[in-house]
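Enquirer: how would this look folded up:
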Amino acid sequence: LCKKSYYDFFIEFWDTVVQDPLIENWHIEKICNELQKVGECVINRKPKDYDLLINISPGESKSTVCTILFPAWLWANDPSVRILSCSYNSELSIDHSKKSKDCILSEKYKRLFPHVEIRRDSSAKGKYETTAGGERKATSTGGLSTGKHAHIIIWDDPLNAQKSASEAELKSADTFINDTLSSRKVDKLNTPTIGVMQRLAEDDPSGIWIKKMKEGRKKIRHLCVPATSNYYISPPEWKKHYTDGVMNPLRTGLDVLEEAKSDLGERKIAGLYG
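Expert: Model prediction:
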């Protein structure tokens, strides 16, 4: 069941990487299902249908869903998959990679998926390989993504929120995402890229992708999951899952948003939560 369904895998293996109980919300299953569609193309070495862009508020388990447990699920199905992941700094990237490894080395994972073995001579926190030829490589914005080319690329918060007002930082992130990472694909046409972030500026990496999509230069499946229904939602049918206009009332209710608004101001709230 865990091999066939990434969502079931996520529920089962949450406690291998997070100590706190999982607070379930509808968006987790929806995003898991979207990731699985992309992952199945990789596992079966089929041409990608699109790249996946996920814009979602902070504090909604996005990294655990997209960057930590998803690679472990890919290996459960095919340990030869090569994965390249990045975030805005190496510490965060390596932390995601380490937690993914914690899942893979857990007793439960080893019992259910004994065919997945990490090579002893290649088992660093930020770069490790399987005996089947798979690889997980963690890098950071502006870093060198040396090594084998990847079957799938995941970028997760490639831009530091504290530096997003800097034109130089924006340009560095966009160049890294669209030039450097794109050169590290096994197949430029068929290696999918998954991007996940909160919006930080008009021309952040998400904005560049969306602009290319509107111009017909890039095929993207865009998931936009704001904290409230006052903002643009994609796909639009997901709006029906909002409770009194709130996406996740248990974690990001109106009281939380009001407090954040007083601390951050309207503009930052629109980016982070809208």
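Enquirer: which residues in the stretch 51-200 of the chain form strands?
Expert: Using DSSP state E, counting those that start in this stretch, the strands of the stretch 51-200 of the chain run over 51-56, 82-87, 118-123, 127-130, 135-140, 152-156, 193-197.
Enquirer: given the fifth one, what are its sheet partners and their directions?
Expert: What that stands for is strand 135-140. Using DSSP bridges, strand 135-140 pairs in its sheet with strand 82-87 (parallel), strand 127-130 (antiparallel).
Enquirer: outside of the first one itself, list whatever touches it.
Expert: If I follow you right, that is strand 82-87. Strand 82-87 is contacted by residues 67, 71, 74, 93, 96-97, 133-141, 143, 145, 147-158, 176, 181, 184, 186 when judged by Cβ atoms under 8 Å, 6 or more residues apart in numbering. C-betas here are computed from N, CA, C, even on glycine.
Enquirer: any of the residues you listed buried? List them.
Expert: 67, 71, 74, 93, 96-97, 134-141, 145, 149-158, 176, 181, 184 (16 or more other Cβ atoms under 10 Å).
Enquirer: straight-line length of stretch 103-121, end to end?
Expert: In stretch 103-121, first residue to last residue: 19 Å (Cα to Cα, to the nearest Å).
Enquirer: any buried residues in it, and which?
Expert: The neighbour-count check on stretch 103-121 (16+ other Cβ under 10 Å) flags C103, I104, S106, Y109, L112, F113, V116, E117, I118 as buried.
Enquirer: shouldn't the third one be in contact with E12?
Expert: Read that as S106. No. At 10.5 Å, S106 does not count as touching E12 under the criterion of Cβ atoms under 8 Å.
Enquirer: list the contacts of the nearest residue to D203 once chain neighbours are set aside.
Expert: Residue nearest to D203 in three dimensions, not counting chain neighbours: L170, with 5.7 Å by Cβ to Cβ, 6 or more residues apart in numbering. The contact partners of L170, by Cβ under 8 Å, 6+ apart, come to L159, S164, A201, D203, D204.
Enquirer: one more time with 10 Å, if that's ok
Expert: L159, K163, S164, L200, A201, E202, D203, D204, P205, G207, I208 (Cβ atoms under 10 Å, 6 or more residues apart in numbering).
Enquirer: the fifth one contacts L272, doesn't it?
Expert: No. At 11.8 Å, A201 and L272 do not qualify as touching, with contact defined as Cβ atoms under 10 Å.
Enquirer: who touches both of these two?
Expert: Common contact partners of A201 and L272 (Cβ under 10 Å, 6+ apart): A161.
Enquirer: quick one: average pLDDT of stretch 192-201?
Expert: Across stretch 192-201, the average pLDDT comes to 94.
Enquirer: straight-line length of it, end to end?
Expert: First residue to last in stretch 192-201 (Cα to Cα) measures 24 Å.
Enquirer: if you count neighbours, what's buried in that stretch?
Expert: P192, T193, I194, G195, V196, M197, Q198, R199, L200, A201.
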